[in-house]
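*Asks:* Task: produce atomic coordinates for the following.
(one chain, ligands or ions: 1)
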Amino acid sequence: MSYLDKSLKEIHEALKEGKVTSKELTEESLKRAHEYQEELNSFVTILDDAKDEEVTDNVLSGIPCAIKDNFSTKDILTTASSNILSDYVPVFDATAVSKLKNAGMVMIGKTVLDELAMGGTGTTGHTGIVRNPWDPTRQIGGSSAGSASAVARGIVPYALGSDTGDSIRKPAGYGGIVGYKPTYGLVSRWGLFAFASSLDHVGCFAKTVEDAAYVIDNIKGIDEKDMTSFDSSNINLVDSLNNDVSEKKLFYIKEIVDKLKDDKEYYDNFLKVLDYAKELGIEVKEESIDENILRGIYPSYMAISCAEATSNNSNLTGIPFGNRKEGRTPDEVMINTRTEGFSELIRRRFVIGSFILQKENQEKLFFNAQRIRRLIVDKMNDLFKTYDGCIMPNAGSIAPKFDEELDRLSDKYLLLENHLAIGNFGGFPSITIPSGLIDNMPVAINITGPIMTDDLVFNIAKKLEEKIGFEPLSVKEEK
Ligand code: GLN
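*Replies:* Model prediction:
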């Protein structure tokens, strides 16, 4: 097995002992990136001139990683997978990127996303669709599609992503890897292209819970450039991983899990994980949330995120930012730039967003969506007075095929496929870990906890991960 497929701690030890060098790891990672690019299309840019880094005491030093292409990277093309930014080169690094640089990471590429991080299929990036390494006829999901497929394929041991509704956790589940979205503000968002500011989070993908903990411990912290960031010096993920979890309490939401009961294999997989939790001494109970409120998650998420996205992306006019298209007047320049620069999905979302933000629609659409968000967050916080977290199936199925049609008005879709946005509504720490295979494709569970309990969420995830004993694709195949 190559060192690249080992855990970050094992790679670090091997680097320290001189069994492998940062240069060898970088070359191997780049080689794999090219080898799989045609099949998977994980990357917008592969950084062939990536240099090895000095190995220090930092576990990330000298180890390759990949960054989603909506993080500003100084002097490196950053497109957000959109035609409108297809030649944009930022003049500064996002805070998460500069923190990784300080840790000694080797960035080997920028990964494909659904255009501007909107969408969940990995099919709308301007450089083409991203495929699932477990089965290239299936989606990896999105929007952090390239980061997920690159980690799942073992091209890099970890990658950065962003999560506004589920964009890290959904693809992590489809790819059989760990995906984590922290408490809102734990990781600075400076330099991440804003999608929906009240919902956007920076997070990561890794093969194991411990690996994800190392990444987040390195990038978290207060940042004067992001006023939503906070001092988290009391939250140390790696240090808390092995704490005792017995007597912790988890709940699952009955109305959502009920929708899984028709699919016996999926339901049994979830029950098996609950049994593991109980074996660890964790108490697991069923709790109810009004189904009418739960059905409102997706529409309210769409209303809020489209409204915020319309506002945030109003700078892409071809004047301050964006590939400029010809026109006789400034208005014409902007209209042509935006019409040609955005794909259909983005234009649709901006039309919805503009409609929602119109004064006469705000009360009915925008503020009602905010009210639903508030009802859900209040209910969760109420439950978190009794429980340490919520455990749920990550999605209703394995990764979909590219041509699979979804009934977006079905209860199954509204509840099972969209509940992860609860984590964004409340800014709750939320981690997805693989829970097994169905039809040789990964399925996953998610644990979401009260804000600022990221360490406990990791701790519980780590203990469950040990019980589940899932083997990531890259580890399985590269043995
Ligand atoms: N799939 C969701 C959407 O379409 C989530 C996107 C995200 O988290 N960036 O907006």
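*Asks:* where's the closest residue to the ligand within the stretch 301-450 of the chain, which helix or strand?
*Replies:* Evaluated by CB to the nearest ligand atom, the stretch 301-450 of the chain has Ser305 as its residue closest to the ligand, separated by 5.6 Å. Glycine gets a C-beta too; all of them are placed from N, C-alpha and C. Secondary-structure assignment from DSSP states H and E places Ser305 in helix 297-312.
*Asks:* gap between that helix and the chain center?
*Replies:* The offset between the C-alpha centroid of helix 297-312 and the centroid of the whole chain comes to 18 Å, using CA atoms, centre = their mean, to the nearest Å.
*Asks:* buried sites along it?
*Replies:* With burial defined by 16 or more other CB atoms under 10 Å, the residues of helix 297-312 counted as buried are 297-298, 300-312.
*Asks:* Now for the residue of the stretch 301-450 of the chain closest to the ligand: which residues touch it?
*Replies:* Met118, Thr164, Gly165, Phe195, Ala196, Leu199 (CB atoms under 8 Å, 6 or more residues apart in numbering).
*Asks:* what's the answer for Gly353, then?
*Replies:* With contacts defined as CB under 8 Å, 6+ apart, Gly353 is in contact with Cys306, Ala307, Glu308, Ala309, Thr310, Ser311.
*Asks:* part of a helix, is it?
*Replies:* Yes: membership of Gly353 in a helix is supported by DSSP: H, G, I helix; E, B strand; the rest coil.
*Asks:* Close to the ligand: what parts of the chain are there?
*Replies:* Taking CB under 6 Å from any ligand atom as the contact definition, the chain meets the ligand at Ala117, Met118, Gly119, Gly120, Ser143, Asp163, Thr164, Gly165, Asp166, Ser167, Phe195, Ser305.
*Asks:* mind giving me JSON lines with those and columns for distance to Met380, secondary structure and pLDDT?
*Replies:* As requested, the residues of the chain next to the ligand are arranged in JSON lines below (distance: CB to CB, whole Å; DSSP: H, G, I helix; E, B strand; the rest coil; pLDDT from 0 to 100):
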{"residue": "Ala117", "distance to Met380": "24", "secondary structure": "helix", "pLDDT": "98"}
{"residue": "Met118", "distance to Met380": "25", "secondary structure": "coil", "pLDDT": "98"}
{"residue": "Gly119", "distance to Met380": "25", "secondary structure": "coil", "pLDDT": "95"}
{"residue": "Gly120", "distance to Met380": "22", "secondary structure": "coil", "pLDDT": "96"}
{"residue": "Ser143", "distance to Met380": "24", "secondary structure": "coil", "pLDDT": "98"}
{"residue": "Asp163", "distance to Met380": "17", "secondary structure": "strand", "pLDDT": "98"}
{"residue": "Thr164", "distance to Met380": "18", "secondary structure": "coil", "pLDDT": "98"}
{"residue": "Gly165", "distance to Met380": "16", "secondary structure": "coil", "pLDDT": "98"}
{"residue": "Asp166", "distance to Met380": "16", "secondary structure": "coil", "pLDDT": "98"}
{"residue": "Ser167", "distance to Met380": "20", "secondary structure": "coil", "pLDDT": "98"}
{"residue": "Phe195", "distance to Met380": "22", "secondary structure": "coil", "pLDDT": "98"}
{"residue": "Ser305", "distance to Met380": "19", "secondary structure": "helix", "pLDDT": "98"}
